[in-house]
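[1] Here is the input, now give the coordinates:
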Amino acid sequence: MSLLITILKYIGLTILALIIIGLLYQYIATKLDEKAYPPIGKMIDIGGYKLHMIDSGTGGPTVVMDAGGGCTTLDWSLVQSKIAKFTRVVSYDRAGHAWSDASPLQRTSENIISELHTMLHNSGVPAPYILVGHSFGGFNMQLFAGKYPNEVAGVILVDSSSEETYQKVTKPSNFSIALLKTSFYLGIPRLMQYVPSIKRTNNERITKYPLNIQKQYFSQVFTTKYANACIQEGLFMEQNCNQLKLVKNLLKNKPLIVISAGKPMIFMDELKDWPTWQSNLVNKSSRGKQIIAQHSGHMINYDQPEIIVDAVREMVDELKSRNGN
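    As a prediction, this is how the structure comes out:
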């Protein structure tokens, strides 16, 4: 019996030691990354905490971009630099993502767009805006357009989510959430990048970027702050859907371009109706139209970024023409 107790004691001590090592590894690696990769844009105070914003180009109307779930400003890298050649364009990291501080507010879309609105005004970025949103970012931009209609000139939705989407997606269990959080606190996702097969899979899209952007990207997506922000955004999807449903005549007659992936989402049976939901988005404006990115999966900003750039250019030119510029 005493031998069994001794064995259990050593097992317990070993587990404790591994936990401590994991916590220290995650903490030290995060601090080293913060020093090596400082913010590449502006940090804008929105009331005691700051959001990270990349502001480039000149002229108007200003294009404002919101990335998909789990994505950052860096996911717009193949798009923003090209838009900046013909108008002003802003991308930003939602609270808790990349260089942005964590927020004290619940991660509902209503709070997210309120923070975005404050950031734009505090940084002196003038309306009207052309809103560009990918996936969950597109969901947010729809709500922004409904809440601040006088500041929105048009909307471009890039394989965007809608209120129909999140009614079908199953919520993660408390156990899976706890497991994910624990893995990040112990630095496991960061450590898994050293496994060649995993690194190759995760780097597939990112290799389209210069090496310095690849390093910046991975310095941001393994932090516990990032994991917590992603999890919290996912917990409020039902509430977000209800918020968007309350917005009537969302875009009225404002220009709307819906860019949809040509390749189906085959990894989740819950999303089998995605093409129908994409078609329905067009009806949110009397001037809506749909473009199919035939060679793209969900990440159109990687697969065919030029389609997004061309859609933005088309809307900018149309708005300038209408305003006599």
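[2] From Trp99, how far off is Val89?
    Computed as C-beta to C-beta, to the nearest Å, the Val89 to Trp99 distance reads 18 Å. C-beta here means a position set from N, CA and C on the backbone, and glycine is covered the same way.
[3] Show me how the protein divides into domains.
    For the chain, automatic domain parsing gives the domain ranges 1-36, 42-172+216-322.
[4] Now the terminal residues of the last one, how far apart.
    Between the opening and closing residues of domain 42-172+216-322 we find a distance of 32 Å, counting by C-alpha to C-alpha, to the nearest Å.
[5] Same check on stretch 120-137?
    Termini of stretch 120-137 sit 16 Å apart (C-alpha to C-alpha).
[6] Going by neighbour count, which residues in that stretch are buried?
    Going by neighbour count (16 or more other C-beta atoms under 10 Å), the buried part of stretch 120-137 is 120, 123, 125, 127-137.
[7] now for the helix ranked longest in the chain, which elements pack on it?
    When the chain is parsed with DSSP state H, its longest helix is helix 2-36. Other helices and strands packing on helix 2-36, by 3 or more C-beta pairs under 8 Å, 6 or more residues apart in numbering; DSSP states H and E, are helix 174-185, helix 188-192, helix 211-220.
[8] could you dump the ones you listed to a markdown table with mean pLDDT, distance to Tyr302 and mean neighbour count?
    Output for the helices and strands packed on helix 2-36, formatted as a markdown table (pLDDT from 0 to 100; distance: least, C-beta to C-beta, whole Å; neighbours: other C-beta atoms under 10 Å):
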| stretch | mean pLDDT | distance to Tyr302 | mean neighbour count |
| --- | --- | --- | --- |
| helix 174-185 | 85 | 24 | 14 |
| helix 188-192 | 84 | 20 | 17 |
| helix 211-220 | 85 | 12 | 17 |
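[9] Tell me where the model's unsure across the stretch 151-300 of the chain.
    Residue ranges of the stretch 151-300 of the chain with pLDDT under 70: 167-170, 195-204, 248-249, 265-269.
[10] Now do Gln232 against Thr276, distance only.
    Gln232 is 29 Å from Thr276, by C-beta to C-beta.
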